[in-house]
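In: Got a sequence here, can you build the structure:
(one chain, ligands or ions: 1)
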Amino acid sequence: MLASQKDFNNAVSQVKLLKEDPGNEVKLKLYALYKQATEGPCNVPKPGMLDFINKTKWDAWNALGSLSKEAARQNYVDLVSRLSASSESPSPEAPAADRKQPESDSLVVTSEDGITTIRLNRPAKKNALTTQMYHDIIAALQAASKDESAITVLTGSGDYYCSGNDLTNFTHLPAGGLEEMARSAAALLRDFVNCFIDFPKPLVAVVNGPAVGISVTILGLFDVVYATDRASFHTPFSHLGQSPEGCSSYTFPKIMGSSKAAEMLLFGKKLTAQEACAQGLVTEVFPDGTFQKEVWARLKAYSKLPPNAMRISKQIIRNREKEKLHAVNAEESSVLRERWQSDECMNAIASFLSRKAKL
Ligand SMILES: CCCC/C=C/CC(=O)SCCNC(=O)CCNC(=O)[C@H](O)C(C)(C)COP(=O)(O)OP(=O)(O)OC[C@H]1O[C@@H](n2cnc3c(N)ncnc32)[C@H](O)[C@@H]1OP(=O)(O)O
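Out: Below you'll find the model as predicted:
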């Protein structure tokens, strides 16, 4: 559930009461989120090079891209709540007191009205997944599986749902070189996907914009996928010298039939939201203008259903598949470990990073 105008007004007042100065970087972030929440995307001319302070503020606001006013309001409220919590002594009554917050601001986890929302929050990079974000999502899913909420949601901030794996992850070579990088990425991938396979509660994807790579493949492991009509679904693995993950080599043919799955997974055919819905990957498509309102109203109603009944029903649906899914995940991760060390893959990533290639 997104923060209300009242929550936002309270957060604005709370900022003035902070006991510690949060520092310039955080203040800049608060400024940008405030402008986005109250005025929408940056729509004023860029200040001149010498107007250093206003240019820095403009850059911060502009970096939020087309993040919706509602999401900016939510991010502002979350940030203020974290700042307030860290400047006060811990209170045992605090609602999410025992939830370990993600290591970085690139993931925002909130719980309200029976719904835990995990929000990818790197809009300037189209919510591309850094190594830290994979770890944070694993931790967030583990916490959500044990918290009080009935439903868990994954969504994105800004105009993209997620542009997939952050391709710069491959540039941070450890001491053991490429081989070690591929080994640890494969282990991380396997742990990450296992969390989706084993997640015990209803898991819903709120796909707020285009989705690429691993953010598309894991949709086959969600219970329900709602998408804006602006969303698209793209798995360009061959273009990147890579191969499918997220159990998609098994779930996609099962969901959409083998030839439609092959067109996506081998040839990288990008689907519109309507096409993805017709092929069963998406549950329902909503007009972008009413997407957030309609989806959250519906989820709020579903979250009132008896949670144990939903868990047990999910268990019956998923249990007979689990062993197979784990085996598929292990195989896909091990094939990718080899792929990531191939010339095809290295050349594709180098091309993207040198700005020669884009999807
Ligand atoms: C450990 C587990 C590993 C699991 C493996 C998973 C496999 C995959 O997920 S494969 C899919 C990988 N993703 C991509 O190949 C997408 C690459 N990005 C693009 O082609 C384009 O950025 C876009 C089509 C998504 C968007 O294009 P658009 O023109 O609208 O925006 P940009 O100016 O390109 O993007 C803004 C900004 O964000 C950076 N960025 C976007 N996506 C990624 C990404 N996946 N990795 C790294 N960086 C990304 C982009 O470079 C721009 O950055 P700058 O503003 O600094 O230039």
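In: Next, the contact list for the spatially closest residue to residue 213 that is not a sequence neighbour, please.
Out: Excluding its sequence neighbours, the residue lying closest to residue 213 (C-beta to C-beta, 6 or more residues apart in numbering) is residue 164, at 2.5 Å. All C-beta atoms are positioned from the backbone trio N, CA, C, and that covers glycine. Contacts here follow C-beta atoms under 8 Å, 6 or more residues apart in numbering; on that basis residue 164 touches 128, 129, 211, 212, 213, 214, 215, 216.
In: For the most centrally placed residue in the chain, give me phi and psi.
Out: By C-alpha atoms, centre = their mean, the chain has its centre lying nearest to residue 120, at 3.4 Å. When read as degrees, to the nearest 10, the backbone of residue 120 gives phi -70, psi 130.
In: How confident is the prediction for it, by pLDDT?
Out: Predicted confidence (pLDDT) at residue 120: the value is 98.
In: can you start the count at 44 instead of 1 from here on
Out: Noted, 44 is the first residue going forward, which turns the last one into residue 163.
In: so how far is residue 315 from it?
Out: 21 Å (C-beta to C-beta, to the nearest Å).
In: Quickly note the distance from the residue nearest to residue 256 to residue 261.
Out: Distance from residue 207 to residue 261, by C-beta to C-beta: 10 Å.
In: Same question for residue 244.
Out: Residue 244 sits at a distance of 16 Å from residue 261 (criterion: C-beta to C-beta).
In: same check, this time on residue 348
Out: In terms of C-beta to C-beta, residue 348 sits 24 Å off from residue 261.
In: out of those two, which sits in the busier spot?
Out: Applying other C-beta atoms under 10 Å to residue 348 and residue 261 shows that residue 261 carries more neighbours, namely 25 against 14.
In: Residue 117 contacts residue 48, doesn't it?
Out: No - contact criterion C-beta atoms under 8 Å: residue 117 and residue 48 do not qualify, at 11.5 Å.
In: which of those two has more neighbours?
Out: Remark: of residue 117 and residue 48, residue 117 carries more neighbours, 26 against 11, as counted by other C-beta under 10 Å.
In: Report the buried residues of the helix or strand encompassing the more buried one.
Out: If you go by DSSP states H and E, residue 117 is part of helix 112-130. Within helix 112-130, the residues that count as buried by 16 or more other C-beta atoms under 10 Å are 112-124, 126-127.
In: Tell me the helix or strand right after it.
Out: strand 150-155.
In: counting contacts, what elements does that following strand pack onto?
Out: helix 112-130, strand 158-163, helix 174-189 (3 or more C-beta pairs under 8 Å, 6 or more residues apart in numbering; DSSP states H and E).
In: what angle do that strand and strand 158-163 make?
Out: 170 degrees (axes from the mean of the first three to the mean of the last three C-alpha atoms, to 10 degrees).
In: Check the offset of strand 150-155 from the chain's centre.
Out: 12 Å (C-alpha atoms, centre = their mean, to the nearest Å).
In: Contacts for it, please.
Out: 44, 117-118, 121, 138-139, 142, 144-145, 159-164, 176, 179-180, 183, 186-187, 190-192, 200.
In: And the residue of the chain found nearest the ligand, how far from residue 83?
Out: Going by C-beta to the nearest ligand atom, the ligand is nearest to residue 256 of the chain, at 2.2 Å. According to C-beta to C-beta, residue 256 stands 29 Å off from residue 83.
In: Who are the contact partners of residue 250?
Out: 198, 199, 204, 262, 268, 269, 270, 271, 274, 316, 325.
In: can you pull the contacts of the fourth one?
Out: Read it as residue 262. Contacts of residue 262 (C-beta under 8 Å, 6+ apart): 248, 250, 254, 268, 276, 289, 324, 325.
In: ok, now residue 124?
Out: residue 54.
In: how far away is it from residue 154?
Out: For residue 124 relative to residue 154 (C-beta to C-beta), the value is 12 Å.
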